[in-house]
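J.: how would this look folded up:
(chains A and B)
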Amino acid sequence: KNEVEQSPQNLTAQEGEFITINCSYSVGISALHWLQQHPGGGIVSLFMLSSGKKKHGRLIATINIQEKHSSLHITASHPRDSAVYICAVPLYGGSQGNLIFGKGTKLSVKP
Amino acid sequence: DAGVIQSPRHEVTEMGQEVTLRCKPISGHNSLFWYRQTMMRGLELLIYFNNNVPIDDSGMPEDRFSAKMPNASFSTLKIQPSEPRDSAVYFCAISEGVDDYGYTFGSGTRLTVV
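T.: Residues are numbered from 1 along each chain as shown, chains lettered A, B, ... in the order given. As a prediction, the model looks like this:
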């Protein structure tokens, strides 16, 4: 069974700062997911990645499958980036199927 | 949320009553998941369906919980009888398996059992 650890748990940044959130997991996988949950509660999938790096706007996700580690970066952070960021991996490996989730990183970006 | 519609958005019910949560996937998918989120335990899988067939229901807390997926466009999660400890946000999600994002979540149903 996979275990997922995220760090930090809480993060406060000033607008414009570069932000990094880390995720480690215990069992080999084919893909990892990053999710965003806004204060209103809705959950949005940000990335599904299996190798290297992906970029969407100011968000960048990287993964090292061998080291079982992924990072989510936010460049030029903005108050609207304030949310909980959740890392998730397939319970028994692979790339899909039922996910298990990290406890999330609560990000607050101050103007 | 364009891919998954959940209803109701909020539900307040008395202990012992039956509660039915609904999920309507709009976009194409092959898998559908029910997750529960609480402050203490975070997000947890309850059950998931693949091509409308239940694959893993090991996360369903007890016999009070049941889920159905009669067709590809509709699924229900029922709690009977409900208890205060069932209070949580229940999310339905679909997996399309082929795009860059992987999963689409509904807006969730916030259930409060008093």
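
J.: Identify the bridge partners of A:K53.
T.: Legend: beta-bridge partners of A:K53 under DSSP bridges are A:T62.

J.: What is the neighbour count of it?
T.: Residue neighbour count, defined by other Cβ atoms under 10 Å in any protein chain shown, stands at 12 for A:K53. Where C-beta positions appear, they are placed from N, C-alpha and C, glycine not excepted.

J.: residue contacts, it?
T.: Listed by Cβ atoms under 8 Å, 6 or more residues apart in numbering or on different chains, the contact partners of A:K53 are A:60-63.

J.: which among the residues you listed gets closest to chain B?
T.: A:A61 (10.5 Å; Cβ to the nearest Cβ).

J.: wait, isn't the closest one in contact with A:I74?
T.: No: with contact defined as Cβ atoms under 8 Å, A:A61 does not count as touching A:I74 (10.3 Å).

J.: Same list (the contacts of A:K53) but as JSON lines, adding neighbour count and pLDDT.
T.: Rendered in JSON lines, the data for those read as follows (neighbours: other Cβ atoms under 10 Å in any protein chain shown; pLDDT from 0 to 100):
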{"residue": "A:I60", "neighbour count": "16", "pLDDT": "97"}
{"residue": "A:A61", "neighbour count": "23", "pLDDT": "97"}
{"residue": "A:T62", "neighbour count": "17", "pLDDT": "97"}
{"residue": "A:I63", "neighbour count": "22", "pLDDT": "95"}
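
J.: Can you name the residues that contact B:F49?
T.: Counting by Cβ under 8 Å, 6+ apart, B:F49 touches B:31-33, B:55, B:67, B:69, B:75.

J.: Reformat those as TSV; add secondary structure, distance to A:D81 and pLDDT.
T.: Below are the contacts of B:F49 laid out as TSV (DSSP: H, G, I helix; E, B strand; the rest coil; distance: Cβ to Cβ, whole Å; pLDDT from 0 to 100):
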residue	secondary structure	distance to A:D81	pLDDT
B:S31	strand	29	87
B:L32	strand	30	92
B:F33	strand	26	93
B:I55	strand	35	87
B:A67	strand	35	97
B:M69	strand	35	95
B:S75	strand	32	97
